[in-house]
Structure formats: structure tokens, C-alpha cells
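Enquirer: After the sequence you'll find the predicted model.
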Amino acid sequence: MARYLADSSIWGWANSSTRTDLRARLADRFQAGEVVTCAPIALEVMHRARTGEDYERTFGQLFAPLDWLPLHSGVGKRALDVQRRLAAGPHGNHLRPAVDYLIAAVAEAAGPEIVLWCLDKDLEIICEQTGQPCEPERLKS
């Protein structure tokens, strides 16, 4: 059974009024126990909390019920390795947010049953480099 590491881009778009399709899919996967998370994603999402009370409520609803993938030293090493390989390619191809390298490495280290679910071109490029499972969403026009 696939499990989905929902990137902060998924959480953000699912919270918008323009992507009710993502909201519904996230809710379905959440209810089915198919969504996992990790510290870098929670940090990005929780950065949007306006108050301590908002933080606690949101964290309790969204992240407390989820399984958490570990962020260990091997993840950091892998993130740097992938960035280095992208730097060896076309000029500037490695210029992706540092947190995206960590998120992709966390998903990859957790095994092939973890699919990185995102609406983020940077993560797509990183996953193309690593060959790991990725389910990219597209912006709707």
C-alpha cells in the first residue's frame, strides 16, 4: 500500500478555496491513514500559524495523528549528494530550496512505498534526479 508524504504545497493548496479537489483527496487519504509527515514539512506548514493557540489547534488536527518519517544524519548526507549531482548538470539546476532536498531525502530513505506528493516543481526535479516515487499535482488554469 502506498503512503503519501504530503508536501507543504499540498497542505497549502488544499487549504485554498481554488483547489477543492486537493482538499478532498487529502481528506480521503488522511482518513484512510495513507498520509505521513516529517519535521521539515510540519515546520513549513506551522510557520503560517498566527498565534500559539492557532498553532496548537492546527498541529493537533493535522500532524499529531500522522505517522512521522525520521530525519536522521543519513538523510542530510543524501540531500547533499543529490544537490551535488544536480550542481554537476546544467547551470543553476541545483538552486532548489534546501528544505526540498531534505523532504525528498526523508521520503526516499523511508522506502519505495512512500510517494512524495507535491505541487512543487523543485521537488519534481529532485525526484527526477533520484528516481524515487513522486505524485506531482499541477496548477489549474
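Expert: Cool, got the structure. For clarity, every value in this text was computed on a predicted model and none was experimentally measured. Residues are numbered from 1 along each chain as shown.
Enquirer: Mean confidence (pLDDT) on stretch 111-126, please.
Expert: The average pLDDT for stretch 111-126 rounds to 96.
Enquirer: How far does that stretch stretch from one end to the other?
Expert: End-to-end distance for stretch 111-126, by Cα to Cα, to the nearest Å: 16 Å.
Enquirer: buried stuff in it?
Expert: Within stretch 111-126, the residues that count as buried by 16 or more other Cβ atoms under 10 Å are 114, 115, 116, 117, 118, 119, 120, 122, 123, 124, 125, 126. (C-beta placed from N, C-alpha, C; glycine too.)
Enquirer: and what of stretch 59-75?
Expert: Going by 16+ other Cβ under 10 Å, stretch 59-75 has these buried residues: 62, 63, 66, 69, 71, 75.
Enquirer: what does it contact?
Expert: Here stretch 59-75 makes contact (Cβ atoms under 8 Å, 6 or more residues apart in numbering) with 3, 5, 11, 30, 35-40, 42, 45-46, 49, 102, 105-107, 109-110, 114.
Enquirer: Also stretch 38-54?
Expert: 5-8, 11-12, 55, 58-59, 62-63, 68-71, 99, 102-103, 106-107.
Enquirer: cool, and stretch 80-89?
Expert: By Cβ under 8 Å, 6+ apart, the residues outside stretch 80-89 that reach it are 93, 94, 96, 101, 104, 105, 125, 126, 129, 130.
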